[in-house]
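Trainee: A predicted structure for the sequence below; I have some questions about it.
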Amino acid sequence: MPKDRRIRKTQRAIITATVQLLNTVPINKLSIKEICSLADVSRSTFYLHYYDATDVIEQVHNDIIANITSVLDKFDFATILTNPEPFLKHVFDFLQKDLDLYINLLQNNFHSDFRRKLKGMLENKILQENSYRYRDRTMFEYSVCFLISGLVETICDNLQDIGTPKGNMLLQSLTNHIKGGFAV
């Protein structure tokens, strides 16, 4: 059953406030009082939804991974390699829906562990579902690691360009490199 609109709005305010504060305050110094003040919610409302600031971020990370997994589930890895543009377009569209949040979240040094977690999830999913196709499993693992690391880091480092002409160039460049290697 979908969450009530008021609950989603409250959680969104708490998430936005937490991520915004993380740009200036380390998570271990972040107070619930600051989050509540910026989100314009009471402490009891905060604790109704989250245990602490780390719980807020962990739930956001889990939601992102679940959403990206659902995008990945729509595509076969072999298809992504031969025609990556539809997959990348889905990822860009997903990110664009809440771009400011993702820029703050994924370009903050605090979230480097999340980038590793995201890359690991993507690599594992691709390896589990496709390794039977390749004789040289080690080379396949290296290739998947290289591809996923490059995609995640490039997209995260250039989030501000998504939805702009420069973002369209990034999408096209990534598509061309995946399909044809790195020849210019």
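Mentor: Structure received.

Trainee: got the buried residues for the helix or strand hosting residue 146?
Mentor: Assigned by DSSP states H and E, residue 146 belongs to helix 137-157. For helix 137-157, a neighbour-count test (16 or more other Cβ atoms under 10 Å) marks 140, 144, 145, 147, 148, 151, 152, 155, 156 as buried. Just so you know, the C-beta spots here come from the backbone N, C-alpha and C atoms, and that holds for glycine as well.

Trainee: and the host helix or strand of residue 104, what does it pack against?
Mentor: Using DSSP H and E, residue 104 falls within helix 99-106. The contact analysis (3 or more Cβ pairs under 8 Å, 6 or more residues apart in numbering; DSSP states H and E) places helix 99-106 against helix 5-22, helix 53-72, helix 112-130.

Trainee: so what touches that helix?
Mentor: Residues from elsewhere that reach helix 99-106 (Cβ atoms under 8 Å, 6 or more residues apart in numbering): 15-16, 19-20, 22-23, 60, 64, 95, 111, 114-115, 156, 159-160, 162-163.

Trainee: again with stretch 10-21
Mentor: With Cβ under 8 Å, 6+ apart, stretch 10-21 has contacts from 3, 30, 34-36, 38-41, 45-46, 49-50, 53, 56-57, 60, 101, 104-105, 108.

Trainee: just give me the residue closest to the centre of the protein.
Mentor: By Cα atoms, centre = their mean, the chain has its centre lying nearest to residue 64, at 5.1 Å.

Trainee: hmm, that residue is touching residue 118, no?
Mentor: Yes - assessed by Cβ atoms under 8 Å, residue 64 is found in contact with residue 118 at 7.2 Å.

Trainee: stretch 55-64: which residues count as buried?
Mentor: If you call a residue buried by 16+ other Cβ under 10 Å, then stretch 55-64 has these buried ones: 56, 57, 59, 60, 61, 64.

Trainee: next one: residue 113 relative to residue 148, how far apart?
Mentor: Separation of residue 113 from residue 148 (Cβ to Cβ, to the nearest Å): 16 Å.

Trainee: an error on my part: the question was meant for residue 66.
Mentor: Noted for residue 66: a distance of 17 Å to residue 148, by Cβ to Cβ.
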